[in-house]
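Q: Predicted model, plus sequence, below.
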Amino acid sequence: MATPVQHDSAVAPTQSAAYEPVVDEQPAGRSKRPIIFLVLALLLLVGGYFGWQRYQFGQAHEETDDAQVEGDVYPILPRVSGPVLEVKVEDNQPVKKGDVLVTVDPADYQQRVNAAEAALAAAQANVVAARAAVGTASANVSTAQTTIGVSEANRARLQKDLQRSEFLRKEDIIPQSEYDAVQANLKSTSAQRATAQQQVRVAQQQVTAARQQVAVAEAVVKQRQADLDNAKLQLSYTTITAPGNGIVSKKSVQPGQVVSPNQQLMGLVASGNTWIIANFKETQLENMKVGQPVQVEVDAYPNEEFAGHIESLSAATGARFALLPPDNASGNFVKVTQRVPVKIVLDKIDSEHPLRAGMSVVATVKTK
């Protein structure tokens, strides 16, 4: 009877030990499920909150990353041809308006100025000579008119002498020869008077012609003065100056190089005058107006934000200004959402973070 008792006592602890882990695992599994549900619910709430905020933001804002900084770029072009004597600037050098950039050899143009000055002096001398001719012709008119006056006086005197001679000849007081002499003198004086009148007309025509010569000479003077001014203008073009304040870029000219008109020598990027062109989709323009505030993020300054406003909206889409604008009236039509350029200017200039033409930006417009 002792052996069965010992066997039972040995089995009992083993069975109790096998059931103990099952009792311990069940409470641990039930305690993790509420935590997981709580975390998921919290994530849903946070995601829903941020999604709602993003939705609300999207309803009141329009955003595009198809935007870049624009600025005035002045092409530096020579207006005359010739060898370059000196280049006084380097790439990325700041310059001010009026600073000399390039000097072209002025020798040929100085010779043209000298020739134009000589031609002007000759034309001015011709004017003086033409005016003197007018004075001479006017004097001839006066002389001819004086001759007419003398002839008129002689003719009046001879007519009276002829009347007396006729009376005396009838009375046979004077001989026929004396009467004939008085009559001949009267005819001669009348002829002289006619000649003097003709001389007056000729002299007056000479005065008119001389005055016309003066007008022609004065016109030649104006032409020579214009030639001189043009020669001086061409001479001034040999010194190429900066059209405004800016920074030299893409310099492609060296001393000794022969340049021709309209050949680009360098570019001058205007400093302190930049703006932003943002190409918004046409579906984003419904509530967009001039003056609305804009938040600008520049890729070059990821930790900085710039405030600006809309200055203007383009009157046409960007495709209208392409070299070959699309023509939807021909071929197969595929509707493509167009983009409209919007000009944005900054409210203030940040000198520590300058904007350079061509930089990529992200523009966000507050439309409501």
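A: Nice, I can see it.
Q: who's in contact with the residue positioned nearest the centre of the chain?
A: With distances taken as CA atoms, centre = their mean, Tyr74 lies nearest the centre of the chain, 9.5 Å away. Going by CB atoms under 8 Å, 6 or more residues apart in numbering, Tyr74 touches Ala242, Pro243, Gly244, Gly246, Gly267, Leu268, Val269, Ala270. C-beta here means a position set from N, CA and C on the backbone, and glycine is covered the same way.
Q: A strand includes Gln205, no?
A: No - going by DSSP: H, G, I helix; E, B strand; the rest coil, the assignment for Gln205 is helix, not a strand.
Q: Identify the residues contacting it.
A: Gln205 is in contact with no residue at all, counting by CB under 8 Å, 6+ apart.
Q: any idea how far it is from Gln68?
A: Per CB to CB, to the nearest Å, Gln205 is found 76 Å from Gln68.
Q: Report how many residues lie close to Val336.
A: The tally of other residues near Val336 (other CB atoms under 10 Å) stands at 9.
Q: still on that earlier bit, list the buried residues in the host helix or strand of the residue nearest to the centre of the chain.
A: Tyr74 belongs to strand 61-76 when assigned by DSSP states H and E. Applying a neighbour-count criterion of 16 or more other CB atoms under 10 Å, one finds His61, Glu62, Glu63, Thr64, Asp66, Ala67, Gln68, Val69, Glu70, Gly71, Ile76 buried in strand 61-76.
Q: The second one reaches Phe280, doesn't it?
A: So the one you mean is Glu62. Yes - Glu62 is in contact with Phe280 according to CB atoms under 8 Å; the separation is 6.3 Å.
Q: sorry, back to before: on the strand side of things, show who the residue nearest to the centre of the chain bridges to.
A: For Tyr74, the beta-bridge assignment (DSSP bridges) gives partners Leu268.
Q: thinking again about what came up before, for Glu62 and Phe280, list the residues in contact with both.
A: Met288, Val365.
Q: related to what we said a few turns ago, of the buried residues of strand 61-76, which is the nearest to Val84?
A: Ile76 (12.2 Å; CB to CB).
Q: What residue, apart from its backbone neighbours, is nearest Ala133 spatially?
A: Counting by CB to CB, 6 or more residues apart in numbering, Ala210 is the residue found nearest to Ala133 once chain neighbours are left out, at 4.2 Å.
Q: on that earlier part again, using neighbour counts, trim the contacts of Tyr74 to the buried set.
A: In these, burial by neighbour count holds for Ala242, Gly246, Gly267, Leu268, Val269, Ala270, counting by 16+ other CB under 10 Å.
Q: now the strands: where do they sit in the stretch 151-300 of the chain?
A: 239-241, 246-249, 258-259, 266-281, 293-298 (DSSP state E, counting those that start in this stretch).
Q: mean confidence for the shortest one?
A: On average, the pLDDT along strand 258-259 is 94.
Q: for the first one, same thing?
A: The predicted model gives strand 239-241 an average pLDDT of 95.
Q: Show me the shaky parts of this protein.
A: 1-32, 53, 56-58, 140-200, 330-331 (pLDDT under 70).
Q: Which parts of it are helices?
A: In the chain, the helices defined using DSSP state H lie at 2-60, 107-170, 176-236.
Q: which residues touch Gly318?
A: Asn279, Gln338, Arg339, Val340, Pro341.
Q: could you redo the last one with a cut-off of 6 Å?
A: Under the criterion of CB atoms under 6 Å, 6 or more residues apart in numbering, the neighbours of Gly318 are Asn279, Arg339, Pro341.
Q: I'd like to know which of the strands of the stretch 151-300 of the chain lies nearest to Val39.
A: Closest among the strands of the stretch 151-300 of the chain, using CB to CB: strand 293-298, at 33.6 Å.
Q: Can you tell me the strand partners of the closest one and which way each runs?
A: strand 301-313 (antiparallel), strand 360-366 (antiparallel).
Q: Now do stretch 91-110: everything it contacts.
A: With CB under 6 Å, 6+ apart, stretch 91-110 has contacts from 82-89, 234-235, 238-242, 244-245, 247-248, 251.
Q: Report the beta-bridge partner residues of Glu62.
A: Here Glu62, judged by DSSP bridges, has bridge partners Val365.
Q: Could you list the domains of this structure?
A: Using automatic domain parsing, the domains assigned to the chain come out as 62-105+247-366, 107-236.
Q: Can you give me the neighbour number for Thr364?
A: For Thr364, the neighbour count with other CB under 10 Å is 19.
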